[in-house]
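Asks: Below are the sequence and a predicted model; questions follow.
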Protein chains: 2
Amino acid sequence: MIGRPLAAIVSAGSTRFGRLKGIYARELFAEALCEALEHCPELDPRKDIQAVFVGQMAGEAYEHQGHWGPVVADWAGLIPKAAIRMENACASSSAALRCAIFAVKSGLIDVALVGGVEKMTHRTTEEVQEFLGLASDHPFEQFNGLTFPGLYALMATAHMNRYGTTEEQLAMVSVKNHKHGALNPKAHFQKEITLEEALSSRVIAWPLKLYDCCPISDGAACLIVTRPEIAKKYTDTPVYIIGTGQASSEIGLYERETYTSITASKVAARQAYKMAGVEPKDLDIVEVHDCFTIAEIIAYEDLGLCEPGEGGRLIEEGRTTKDGDIPVNVSGGLKAKGHPVGATGASQAYEMFLQLRGEAGKRQVPDVEIGLTHNVGGSGATSIIHIYRV
Amino acid sequence: MIGRPLAAIVSAGSTRFGRLKGIYARELFAEALCEALEHCPELDPRKDIQAVFVGQMAGEAYEHQGHWGPVVADWAGLIPKAAIRMENACASSSAALRCAIFAVKSGLIDVALVGGVEKMTHRTTEEVQEFLGLASDHPFEQFNGLTFPGLYALMATAHMNRYGTTEEQLAMVSVKNHKHGALNPKAHFQKEITLEEALSSRVIAWPLKLYDCCPISDGAACLIVTRPEIAKKYTDTPVYIIGTGQASSEIGLYERETYTSITASKVAARQAYKMAGVEPKDLDIVEVHDCFTIAEIIAYEDLGLCEPGEGGRLIEEGRTTKDGDIPVNVSGGLKAKGHPVGATGASQAYEMFLQLRGEAGKRQVPDVEIGLTHNVGGSGATSIIHIYRV
């Protein structure tokens, strides 16, 4: 039986993702909020919003700025509202969403603004690699020169070795997500690529090539989250959250039992499915954390969309394309939509909000009723999963 | 009428605060947890704890490490439990406590580990000033060379100008808190100082002298927080949280209407008092955020312990000493106990836990039933207040 709503999303907004010049992160956040407010005239932000939960990974490094709660509340015109910043690496704004669910479910908060933002492209690629590395273990990973492409390359080679996953299958994830991104006017990359282009792009950390890696992007996304009981005050068509799951894996890849699966994702998925009263076969649409193509294939398996080791076949058979039986990353995913890290979780929920309301334009998947988002921090030390329904 | 419990603290732990060499922040956190677990044998951490909420301000800068949720969960032996890191500058672990209250009040989490940690002393004073500056506004404050002593000096001179507050009154806060700290075996400074010593210490940012400023410290503190209904499973004497308030001020001091009060503290206090059903006169013990002596005087006023402008007189009359009618910072406060920034909020709650259970040793205030903690982030862009009762 499908679970009762924990919370409702009554509006949402997002900036375009990409290389957005001459703008501070706080301004990006305010721009995303403007869209959410425009689409929800019933909401009086200064009166109704009681708390802000914002995900932000590393503004300290990118803009020499911390204390993001009041920074974004200030630029959003929401002083003196309470504002908390969550940092769970690339899953920061899913952590913010989860805390907002706790807040509205507790009855202490009626309406919360949830969002995420990251401004990255004004820094060099080397700097960004270093800043992203903050999400991995310092003493044993960063310090020895392991970067995120390197960490995910270790997972990819382990998966290839154990299950026979191929470079072609990895590249197919990229081709699919670029195809989807071409339909998303807010995606960083809105152009299709061929399998040949993906396979012949330069090697970053074998077997991962340039097209196996998500880009460095700027962007922000936000959600207006309310208690389910009052959602209809703000919209006739809220999207309900019916499941939330979160778990942790060891911070260092070297500490883990396996490289071919992310334990945190399996545990978080189990929690979310149970709470929502749904099974993988009930999902109509899924957004997963494809920071690298191998991450999407592992996600298929960890979420139970297929058996362990079958992820390569799932992409090869085309089942996860927009027209397949279980569309994954119709937004373009991190690969083509972009990955401003703090914004990604909120952006995945934004996609659910559009798709479940039938407002996703050219990329709309028909008749979607139940969706899932899967947002990973670092190499999987954090995994946060939410399940949505109309 | 006194409000119903929102959550219960059933155990707590803290490291000593001070210059703790040759140890990582994650190890400090685990040490604080060990004390909490030793004092709560009824709790099976791997079975009972469902979520970790950790406050950490700037580990990215101090240890080149982010993603603190799973980092501390890993070192605490709590993988695969969900773990979220909150960053609200010096109020980070009060933000963590507030989210844990939401979580247990929501019914989705029964038992949460809440804590905070910061490891600072291995860096130079200049580096620490820069890292603390992350909590102030970058474009208009940090960038122009304003540091936290400078920001609070502006507040102090405004208060002196408007209300006639004196350098002697500021110094009295320091003398009082050092006197209290001498009774706290975990305090960074456990020695009394004289008014003469405080007044003749070197000027940091006039009128603030060395003894008007809290030290740079290492430390961690944690709390085991449960739903009130199940607290007695773990202890016969839980401490209940009956009020939580949070608000924001503009991130930049330059944007604010006044320098002599922190609006966020006044708004947060109003929320917390209302929720708890108590008034300032009902408080038996208070811990306030005395990062600088002027901050304690402003806190007296913002919390309603006295009228605006009367804070100087309150300290001068000795009413906030351990034996006064409203004891403030009996732990030694940030000034003498120390201020490992991410740990401070949890440490204030730890003090409430001890005092309200009558376990505070030499510094025990007799017959305390209702207490309040006041934790500020930055120059007051965040203020978080909790009210406790036995």
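Replies: That came through fine.
Asks: residue in the stretch 251-390 of chain A nearest to chain B?
Replies: With Cβ to the nearest Cβ, the shortest gap between the stretch 251-390 of chain A and chain B falls at A:Ala381, namely 3.7 Å. For the C-beta atoms, the positions are set from N, CA and C on the backbone; glycine is no exception.
Asks: Around that residue, count how many other residues there are.
Replies: Using other Cβ atoms under 10 Å in any protein chain shown, A:Ala381 is surrounded by 33 other residues.
Asks: before we move on, what about the one 4 residues further on?
Replies: Neighbourhood size, A:Ile385 [other Cβ under 10 Å]: 33.
Asks: count of residues packed around A:Cys34?
Replies: Counted with other Cβ under 10 Å, A:Cys34 comes out at 14.
Asks: residues touching it, list them.
Replies: Contacts for A:Cys34 (Cβ atoms under 8 Å, 6 or more residues apart in numbering or on different chains) come out as A:Gly13.
Asks: which stretch of helix or strand covers it?
Replies: helix A:25-38 (DSSP states H and E).
Asks: Report the backbone C-alpha coordinates of that helix in PDB.
Replies: This file holds the C-alpha atoms of helix A:25-38, laid out as PDB (Å, rounded to 0.1, in the frame of the first residue of the first chain):
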ATOM      1  CA  ALA A  25      26.200  32.000  -5.600                       C
ATOM      2  CA  ARG A  26      23.800  33.900  -3.400                       C
ATOM      3  CA  GLU A  27      22.400  35.700  -6.500                       C
ATOM      4  CA  LEU A  28      21.900  32.400  -8.300                       C
ATOM      5  CA  PHE A  29      19.900  31.100  -5.300                       C
ATOM      6  CA  ALA A  30      17.700  34.200  -5.400                       C
ATOM      7  CA  GLU A  31      17.100  33.700  -9.100                       C
ATOM      8  CA  ALA A  32      15.900  30.100  -8.600                       C
ATOM      9  CA  LEU A  33      13.600  31.300  -5.800                       C
ATOM     10  CA  CYS A  34      12.100  33.900  -8.100                       C
ATOM     11  CA  GLU A  35      10.900  31.200 -10.500                       C
ATOM     12  CA  ALA A  36       9.300  29.300  -7.500                       C
ATOM     13  CA  LEU A  37       7.500  32.400  -6.300                       C
ATOM     14  CA  GLU A  38       6.300  33.400  -9.800                       C
END
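Asks: so A:Lys362 sits right up against A:Leu183, yeah?
Replies: Yes. Counting by Cβ atoms under 8 Å, A:Leu183 is a contact partner of A:Lys362 at 4.3 Å.
Asks: what about those two, which has more around it?
Replies: Remark: of A:Lys362 and A:Leu183, A:Leu183 carries more neighbours, 19 against 10, as counted by other Cβ under 10 Å.
Asks: Am I right that A:Pro308 is in contact with A:Ser261?
Replies: Yes. The pair A:Pro308 / A:Ser261 is scored as a contact, 6.6 Å apart, by Cβ under 8 Å.
Asks: quick one: which of the two has more around it?
Replies: For A:Pro308 versus A:Ser261, neighbours defined as other Cβ under 10 Å are more numerous around A:Ser261 (22 against 17).
Asks: which residues does the more buried one contact?
Replies: A:298, A:301-302, A:308.
Asks: Please identify, among those, the one with the most neighbours.
Replies: Counting neighbours by other Cβ under 10 Å, A:Ile298 leads the contacts of A:Ser261 with 29 neighbours.
Asks: for the one helix or strand it maps to, what is the average pLDDT?
Replies: Assigned by DSSP H and E, A:Ile298 belongs to helix A:293-302. Summarised as a single mean, pLDDT over helix A:293-302 is 98.
Asks: Only the buried residues of the helix holding A:Cys34, if you could.
Replies: A:25-33, A:35-37 (16 or more other Cβ atoms under 10 Å in any protein chain shown).
Asks: cool, and stretch A:177-194?
Replies: Buried, per 16+ other Cβ under 10 Å, within stretch A:177-194: A:177-184, A:186-190, A:193.
Asks: ok, which stretches of chain A are helices?
Replies: A:25-38, A:45-48, A:59-63, A:68-75, A:92-105, A:125-133, A:148-163, A:167-181, A:195-200, A:263-276, A:293-302, A:311-316, A:333-337, A:344-357 (DSSP state H).
Asks: most packed of the ones you listed?
Replies: helix A:333-337 (a mean of 32; mean count of other Cβ atoms under 10 Å in any protein chain shown).
Asks: Can you name every helix or strand that that helix contacts?
Replies: Contacts defined by 3 or more Cβ pairs under 8 Å, 6 or more residues apart in numbering or on different chains; DSSP states H and E place helix A:333-337 against helix A:167-181, helix A:293-302.
Asks: Next up, the contacts around the closest residue to chain B within the stretch 151-300 of chain A.
Replies: As assessed by Cβ to the nearest Cβ, chain B sits closest to A:Gln246 within the stretch 151-300 of chain A, at 3.6 Å. The contact partners of A:Gln246, taken as Cβ under 8 Å, 6+ apart, are A:94-95, A:98, A:268, A:271, A:382-385, B:51, B:82, B:84.
Asks: Quick check: of those, which lies closest to A:Ile326?
Replies: Nearest to A:Ile326, judged by Cβ to Cβ, of the contacts of A:Gln246 is A:Ile385 at 15.3 Å.
Asks: For that closest one, name its beta-bridge partners.
Replies: Here A:Ile385 sits in beta bridges with A:Gly245, A:His374, going by DSSP bridges.
Asks: My guess is it contacts A:Met352. True?
Replies: No. Between A:Ile385 and A:Met352 there is no contact under Cβ under 8 Å: 12.0 Å.
Asks: what do the two both touch?
Replies: A:Thr373.
Asks: Now do the helix holding A:Cys34: distance to the chain's middle.
Replies: Taking the mean of its C-alpha atoms, helix A:25-38 sits 18 Å from the chain's own mean (Cα atoms, centre = their mean, to the nearest Å).
Asks: can you give me the angle that helix makes with helix A:68-75?
Replies: 60 degrees (axes from the mean of the first three to the mean of the last three Cα atoms, to 10 degrees).
Asks: still on that earlier bit, B:Pro340: which of the helices and strands packed on helix A:333-337 is closest?
Replies: helix A:293-302 (35.3 Å).
Asks: Using CSV, list the CA coordinates for the closest one.
Replies: Extracted C-alpha coordinates of helix A:293-302, given in CSV (Å, rounded to 0.1, in the frame of the first residue of the first chain):
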residue,chain,number,x,y,z
THR,A,293,28.8,6.9,-16.1
ILE,A,294,29.8,4.0,-13.9
ALA,A,295,27.8,5.6,-11.0
GLU,A,296,24.6,5.4,-13.1
ILE,A,297,25.1,1.7,-13.8
ILE,A,298,25.9,0.9,-10.1
ALA,A,299,22.8,3.0,-9.2
TYR,A,300,20.5,0.8,-11.4
GLU,A,301,21.7,-2.2,-9.4
ASP,A,302,21.7,-0.6,-5.9
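Asks: name the helices or strands packed onto it?
Replies: Against helix A:293-302 (3+ Cβ pairs under 8 Å, 6+ apart) you get helix A:148-163, helix A:167-181, helix A:263-276, helix A:311-316, helix A:333-337, strand A:370-377.
Asks: Check which residues of the last one are buried.
Replies: Of the residues in strand A:370-377, those with enough neighbours to count as buried (16+ other Cβ under 10 Å) are A:370-377.
Asks: Make TSV out of the residues you listed and add pLDDT.
Replies: Output for the buried residues of strand A:370-377, formatted as TSV (pLDDT from 0 to 100):
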residue	pLDDT
A:Ile370	98
A:Gly371	98
A:Leu372	98
A:Thr373	98
A:His374	98
A:Asn375	98
A:Val376	98
A:Gly377	98
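Asks: Of those, just say which sits nearest to B:Val128.
Replies: A:Gly377 (27.1 Å).
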